[in-house]
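*Asks:* what would the 3D arrangement of this be:
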Amino acid sequence: MYGNLHTSNGPLSPPPFQQARSAAIDVLGRMRTLVDNVTVALDGPPPTPKDKLVENWTLIQEYFTPQRQDDLRKLKITDTTIPHHLESMLKLLAHEILHTPQALEPLEFGPCVEYLLQYHVLSDLVDYADADYPRGMRKYVLRFFGVLVDVIPLGLLPESAIRLPLVAVMRQCLFVVQSSPTTPINPMRRQEPMSSAGDSVCRLGMGYHNIQNDRIAVILAHDLLHLIVVLFGRLREHANMAYLFFDWGSEWQAIRTSDLAVASLRAATSGYLQQSARGHELFIVHIIVEYLLAPGVTGQLAREALVLMVQVLLAPSDKARYVCFLLEQARLVELLVEHMGYLHSQIPVFRPMPRSPTAQLFSPGYTGPRLQPPIQRRVRGESAVAPLGIEPRLRALLSASSVLRSAVQQDRRESAILASSRMILEHVDAFFLCWELLDEVAFVAGADERVAAAVQTQLSSGFLRTHVEPALLANMQLRSQAITTVSYLTDLITVTHSTRVLDALFAVLLGSDLGPERPPIDRVEEPEGDYSLLSREDQELLDSIEDDALRAEAALLLLPPGAVVADIPRKTPIQNAADGDSPLRQLLIGWMTTSDDDGTHLALHTLRLFDTILSTLNQFAYTSLVLRNFGDSSGPALGLGASRGADQEMARAVIERFLDAAPSNIPLAMPEVVVTAAMPVEGEGELALPPRNFQAMCSQIMRDNHGCDEYVDDTLARVRTYHLYKSRCWTAHKTVASDAFYPGAFLSSLIAQFGGAVKRHMAYNLMLTSMVNKLACVGDPSLTSFLFLASSATVPDAKWPMLYDALVRASADAYVKSERVPRFSARLARQRFEGVETAIRVGAAHPMSNENRGQKPRHPSSTPVTNSMDVDPPAPLSPPPPPPRDTAGREDAPPLRDTASSREDVARAVKFLGTPIKRFVHGFIVLDEFAKEMAATALALHTLELDHAMEQLCVGDSAMDEDFNDLLEYFDPEEPAYRRAMAVRMSVLGERNVIDLGAMDTEVETNDS
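*Replies:* Next up, the predicted model:
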């Protein structure tokens, strides 16, 4: 400031206080420099990170001098400073890698890493761990390697100074774990030897039946698998790391000394301590396999390691040798199938056992794609894993207060591992874990045809054909065993993600034939010769005798004197089924209509199985069950495609006819059908329905018709999900046309069951209507035409059941019978008000899962549709509508008073209905809601076609206004299709170049609000 002022005599001088202050600062600076120079001269420069690393390593080495060996044997590692020095070394390495730019390069590193490699620090650590002095040194060295592998640059992992000590510490820890004495987890379990040599080790691995008595051995097994998980997680970051890290062409050879894959693997790796460091890939597989079925977190880490290993080995472009290693040397697929077969033979067969909620496939910290819903994951596919880099892990290591040195944290961690290892993994849990693991391996390896083919072949020949199929076919007379097998199959399908696994399973259950089915024709083999003299009862008696000699003796007694006894034919009806049709498929379809007089609910379990099969959206399953009979077709899902207006009118007609077919609406919409249903029943002398005025047949509760609005949102989301799945996961399949149309045994059986809707438990009806709705949502033009349009009026000469006719007959019958129920309107109102919670809990809750028990069905439209990929619920019907009003206008359930006369009326009604009144009311509700849901499905299919038409419209075309006018002319302003069309029109008028269909819903919602 003052230096810029000038006078005639020159610049002004600063004030005296300013000069004194500057002089003091200058003196202090000179003194500080002098002190620093003296310090450097006496003590040297400040230590570098390398100096600190060398200092920590030197302090560790001082513990292992010959003079301190005797004292070292008496110490625990927590009594020394070794954990502190190991942690300091890790943080020094992390700091150097993070703050040295070239350290992140594959072959560039700083002085600390150079010292670590040049002076073989890791090899010396492995030697110290081998002696395990002080006590606990081995487990701390193992954890040190786990942290080191997680934070060092990826290019350093193949270095021999890191790779060889890493493999050496793995061999060392596995030997200690295998040498530790064990105790059976459950003494009641039967342990089966692996081979004829009488190997006492369990065929399911070390961790399944036994647990190590030594605490250290349990911790070592866990940390060893954690190290393998970290290792493969790092190797997965680059496609060629498998070739760099593993020594292919090594000394390990798969020795087939036994039929079991696990025995061959153990024989091949039996001398791992004497073998050289080459060939550690098979040795690591051996570690993983031994603990695949270990309880708790240890088993979860082993299963994660197996999946990661498959991903690493199949990542390179030239992966032929790796595929050969997995299938022929390690024999992983064969091993998992062997485990499943053995465990399936050990689980209970007379009742399904529930799975333990603690038996999870992967650890709680797992963040992989297995957490996605199966349908969503199959649509998105197995995408490549993008490496996140090591910087976040380096910063987390530097910011951690303690990694190794805190004894309290280590004790807490080890206690949790020990508690987890003592959990009992039951046979049923181990069986499902093996299935899920094989499914995950098949999914991550789905791009390789050889691995996928091996999974399908081994699964079909080694488990499904040898265990599942015989269990179903042999248990035709033992319903409890059949129910158990069907329940397990349902759960297996639910947790399956891989399409290849589903195809293999469905090929066994449904058969491999995809040709059109032929209608069953009962034909009878007529007896020849003198056997025509036998009566029907005598012929049936002869048919019941299996032994030929006994049957001939019985024939001599039954035939007239002088008759000739020759070959005795059997007079039995023969069904002419489609060529190659699976007997197991026929058996399962027949079980859907089995009576449940014995209370086993075999039909319900079978219905749930088929509903779960349809929920997978598997193309093979849909084609085998239904689509094979409808041929190839193109065009809109509902309509002819010639005119949008005509298709709109057809959709409107379908919606109206299904709404009119509901029991609540049928007396006004189709009174002639109700009159026909009320005609005198054969064997009874009175009308089933008392004569009355048809205008007064509908009560107040029945006239309250809210349409199908409550189903539109969910149904539209489901239809879009099905369409997206088909476009991405289904392939073109040409169906051979049949001379005579037949909808197939499965669909015919579903339609035929609507006749008993008011007599069956509501759980059966929910499964039935759910499957029909899933078939309609697929959007196949021929199938939807059959479901929505086929009836006795359009196809008068049809010999097979049609959905609309079955619904109309069931609704008319339900309405006629409802007139015999005392105060049916009040009962219906109360049931709608209370919901159907008890019916779903008792009948529809899966015995293998507790999450569905006690749940009340939600209103379909109450679930927000945020992502179309997250839908496809089991389509629960009968959502509770707005609470009904009684005559006083109160929004609560009408009271039902119990009097002597009412009890007599109820008894007569129950006798007439042949079923409890509550079950009848449930059936009435199901038919009512099913008609609404089918109407909503028709509207959703038409809306989807409207979306496609909108996408094809060209912005700026001269015919744009005419096309829109043609569309809007046939729309009802209250329908969603009209609002969506108006949204497109607004976007065009706004001169947008792109019509964003995703933004239409937002605009429509804004306009509605």
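*Asks:* looking at the chain, which helix is longest?
*Replies:* Counting by DSSP state H, the longest helix found in the chain is helix 917-952.
*Asks:* any buried residues in it, and which?
*Replies:* Buried residues in helix 917-952, defined by neighbour count with 16 or more other CB atoms under 10 Å: 917, 919-947, 949-950. Backbone N, C-alpha and C define where each C-beta goes, glycine included.
*Asks:* likewise stretch 447-465?
*Replies:* If you call a residue buried by 16+ other CB under 10 Å, then stretch 447-465 has these buried ones: 448, 451, 452, 454, 455, 456, 458, 459, 460, 462, 463, 464.
*Asks:* reformat these as CSV; add secondary structure and distance to residue 92.
*Replies:* Listed next are those as CSV, based on DSSP: H, G, I helix; E, B strand; the rest coil; distance: CB to CB, whole Å:
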residue, secondary structure, distance to residue 92
448, coil, 43
451, helix, 43
452, helix, 47
454, helix, 47
455, helix, 47
456, helix, 52
458, helix, 50
459, helix, 51
460, helix, 56
462, helix, 52
463, helix, 53
464, helix, 56
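*Asks:* return the member of these nearest to residue 474.
*Replies:* residue 464 (14.6 Å; CB to CB).
*Asks:* show me the contacts for that closest one.
*Replies:* Residue 464 sits next to 504, 505, 508 when contact means CB atoms under 8 Å, 6 or more residues apart in numbering.
*Asks:* pretty sure the last one contacts residue 583?
*Replies:* No - applying CB atoms under 8 Å, one finds residue 508 not in contact with residue 583, separated by 11.4 Å.
*Asks:* now stretch 217-225: average pLDDT?
*Replies:* Across stretch 217-225, pLDDT averages out at 93.
*Asks:* before we move on, what about stretch 726-733?
*Replies:* Averaged over stretch 726-733, pLDDT sits at 87.
*Asks:* what's residue 356 in contact with, if anything?
*Replies:* Residue 356 sits next to 425, 426, 429 when contact means CB under 8 Å, 6+ apart.
*Asks:* hang on, the earlier thing: same list (the buried residues of stretch 447-465) but as a markdown table, adding pLDDT and distance to residue 669.
*Replies:* As requested, these are exported to a markdown table (pLDDT from 0 to 100; distance: CB to CB, whole Å):
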| residue | pLDDT | distance to residue 669 |
| --- | --- | --- |
| 448 | 87 | 58 |
| 451 | 93 | 58 |
| 452 | 91 | 53 |
| 454 | 93 | 58 |
| 455 | 94 | 53 |
| 456 | 93 | 51 |
| 458 | 93 | 57 |
| 459 | 94 | 52 |
| 460 | 93 | 51 |
| 462 | 90 | 57 |
| 463 | 93 | 53 |
| 464 | 93 | 49 |
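*Asks:* secondary structure element for the spatially closest residue to residue 603 that is not a sequence neighbour?
*Replies:* Among residues not flanking residue 603 along the chain, residue 594 sits closest, at 4.6 Å (CB to CB, 6 or more residues apart in numbering). For residue 594, there is no enclosing helix or strand under DSSP states H and E.
*Asks:* returning to that earlier point: looking only at neighbour counts, state which of residue 508 and residue 583 leads.
*Replies:* For residue 508 versus residue 583, neighbours defined as other CB atoms under 10 Å are more numerous around residue 508 (19 against 12).
*Asks:* can you report how many residues lie near residue 625?
*Replies:* Residues within reach of residue 625, counting by other CB under 10 Å, total 25.
*Asks:* for stretch 501-515, buried residues please.
*Replies:* Buried residues in stretch 501-515, counted by 16+ other CB under 10 Å: 501, 502, 503, 504, 505, 506, 507, 508, 509, 510, 511, 513.
*Asks:* tell me the pLDDT at the fifth one?
*Replies:* Read it as residue 505. Predicted confidence (pLDDT) for residue 505: 95.
*Asks:* that one and residue 343, how far apart?
*Replies:* 17 Å (CB to CB, to the nearest Å).
*Asks:* any chance you could map the strands in the stretch 401-550 of the chain?
*Replies:* 522-524 (DSSP state E, counting those that start in this stretch).
*Asks:* so where's it uncertain?
*Replies:* 475-477, 521-537, 539-540, 543-544, 546 (pLDDT under 70).
*Asks:* now do the helices in it.
*Replies:* In the stretch 401-550 of the chain, the segments counted as helices under DSSP state H, counting those that start in this stretch are 407-421, 427-444, 449-459, 469-473, 479-494, 499-510, 536-543, 548-558.
*Asks:* show me what the third one is in contact with.
*Replies:* Spelled out, that is helix 449-459. Under CB under 8 Å, 6+ apart, the answer for helix 449-459 is 314, 323, 326-327, 333-334, 337, 438, 441-442, 445-446, 498, 500-501, 503-505.
*Asks:* quick one, that helix and helix 499-510 angle?
*Replies:* Orientation check (axes from the mean of the first three to the mean of the last three CA atoms, to 10 degrees): helix 449-459 against helix 499-510 gives 30 degrees.
*Asks:* what is the neighbour count of the nearest residue to residue 489 once chain neighbours are set aside?
*Replies:* Once flanking residues are discounted, residue 489 sits nearest to residue 609: 5.9 Å by CB to CB, 6+ apart. Residues within reach of residue 609, counting by other CB under 10 Å, total 21.
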